[in-house]
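> From the sequence below, what's the structure:
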Amino acid sequence: MDTQKSLRRHIFEVIEIGAGGHLIGRTFDIFMVLLILLNICAVAIETVESIGAAYATAFLYFEVFSLIIFVIEYLLRIWTAVEYQPDDSEHSDGKFRLNFIFSPLMIVDFIAIAPTILFSFAGFDFRFLRVFRFLRLFKLMRYSPALSSLASVFYEERRALIATLIIMLGLALFASSIMYYLERAVQPEAFGNIPSALWWAFATLTTVGYGDVVPLTAVGKIVGAMIMILGIGVYALPIGIIASGFANEIHRRDFVIRWGLVANLPLFQGLDASLINTIAKKLRSQISEYGKLIAYEGENADKLYLIVSGRVRRHDKDGEFVLDKGAFFGAKSLMARSTFQANYIASSKVQLLILEASDFHHILNHYPGLKERIESKYAEDSQPEFGQMEVDDLEQ
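Model prediction:
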């Protein structure tokens, strides 16, 4: 039983944690993304008659292979789903898995494989299934945070989007009704009834303007011009709602990640949440590759550097020291409004959080407790220009 749980946990880490976990997880994610993209390309290329006829068997084998992979993935996700369940959960494994099957991403996975399986057994022409295979594109939502964010935006803004949809449909019905009474005598084939006039209304309001149906009367042209102007404003509403919601979702996601990084840094651990919130808003992220000079001796100290991951080598006349994850440097020079007293070089790939000098002084002026914490830490550490803050393996 323990062996089964260990295997289940290992598979869970590969297919669910994925790129956030180990190398096998990242490889799995890349493989699945490539397989999905190749499926979409295969559906399109197969419609070219010369290629489809010449490689029909290869396309069939590839479809069967892809379907097997997707089915295995789907079943493994159901089997390992209980790893999400907390130890004190009151639900049985079976009930938890049943609830998991109806989660949004699992529904997308099911839609990606179910039509092909069902219609194949029902005896449909296999070529008819091409359109359903395009649904596999939605599986990318599982591997793309941006696509997941977009889906969240649609859900969060659903009330506003439904309201704009009602307005758009109402305006289209109003426009088609007006044009029906104005143009039906001149163009009975195009405006003989309101449903027929709806085609013109939608083409005009969306600014597509196919030109196959146009008003001929003077009043009809005037009304048509007014409808065009209204369409520009009304039909732009859902685009603005989605764009604004998507930008807010991305910023919110980035801020949550940055807030977590700040809260876990030893320098800021235990601080008031409002102070951490203030600091997180001011910080920006920077990646420095191995060997890059981050700051040099004699340079005007205009930034505080916090090491999120990786190592930085500090070199001055007294020797070299290694600053590990959680350390910071530049604060003492900033408080003295002087220059850096050493060279700081990335000794591995380093992720840094940077606080500009103006923001640093502003925060210290409003939160003197943080200034005292930094000063006390310098008093504890033997090195003058960096704070170790509970960091292990400081090497000379």
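
> Please enumerate the helices of the stretch 1-150 of the chain.
Along the stretch 1-150 of the chain, counting by DSSP state H, counting those that start in this stretch, helices occupy 2-12, 23-46, 49-54, 56-80, 93-101, 104-122, 130-133, 145-156.

> for the stretch 201-350 of the chain, same thing?
In the stretch 201-350 of the chain, the helices defined using DSSP H, counting those that start in this stretch lie at 218-234, 237-264, 273-282, 331-336.

> any idea which of those helices is most buried?
helix 331-336 (a mean of 20; mean count of other Cβ atoms under 10 Å). Just so you know, the C-beta spots here come from the backbone N, C-alpha and C atoms, and that holds for glycine as well.

> tell me what that helix is packed against?
With contacts taken as 3 or more Cβ pairs under 8 Å, 6 or more residues apart in numbering; DSSP states H and E, helix 331-336 sits against strand 303-309, helix 357-366, helix 368-380.

> mind redoing it with 10 Å?
strand 303-309, strand 350-356, helix 357-366, helix 368-380, strand 386-387 (3 or more Cβ pairs under 10 Å, 6 or more residues apart in numbering; DSSP states H and E).

> quick one: that helix to chain centroid distance?
Computed by Cα atoms, centre = their mean, to the nearest Å, the chain-centroid distance of helix 331-336 equals 37 Å.

> Same check on stretch 111-120?
On Cα atoms, centre = their mean, the centre of stretch 111-120 falls 28 Å from that of its chain.

> Next: stretch 242-249.
11 Å.

> just to revisit the earlier point, adding distance to Ile276 and mean neighbour count, write the helices of the stretch 1-150 of the chain out as TSV.
TSV is the format used below for those (distance: least, Cβ to Cβ, whole Å; neighbours: other Cβ atoms under 10 Å):
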stretch	distance to Ile276	mean neighbour count
helix 2-12	32	12
helix 23-46	30	15
helix 49-54	58	10
helix 56-80	34	15
helix 93-101	34	14
helix 104-122	31	16
helix 130-133	47	16
helix 145-156	23	15
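
> least reliable of the ones you listed going by mean pLDDT?
With a mean of 64, helix 130-133 has the lowest mean pLDDT of the helices of the stretch 1-150 of the chain.

> Can you give me the domain assignment for this protein?
Per automatic domain parsing, the domain ranges recorded for the chain read 2-143, 144-264, 271-387.

> Need the winner for burial among the helices and strands packed on helix 331-336.
Stretch with highest mean neighbour count among the helices and strands packed on helix 331-336: strand 386-387 (a mean of 26; mean count of other Cβ under 10 Å).

> ok, of the domains of the chain, where does mean pLDDT dip lowest?
Among those, domain 2-143 carries the lowest mean pLDDT, a mean of 78.

> show me the contacts for Ala197.
By Cβ atoms under 10 Å, 6 or more residues apart in numbering, Ala197 lies in contact with 172-173, 175-184, 187, 190-191, 213.

> what comes up buried for the helix or strand where it lies?
Using DSSP states H and E, Ala197 sits in helix 194-205. By 16 or more other Cβ atoms under 10 Å, the buried positions in helix 194-205 come out as Ile194, Ser196, Ala197, Leu198, Trp199, Trp200, Ala201, Phe202, Ala203, Thr204, Leu205.
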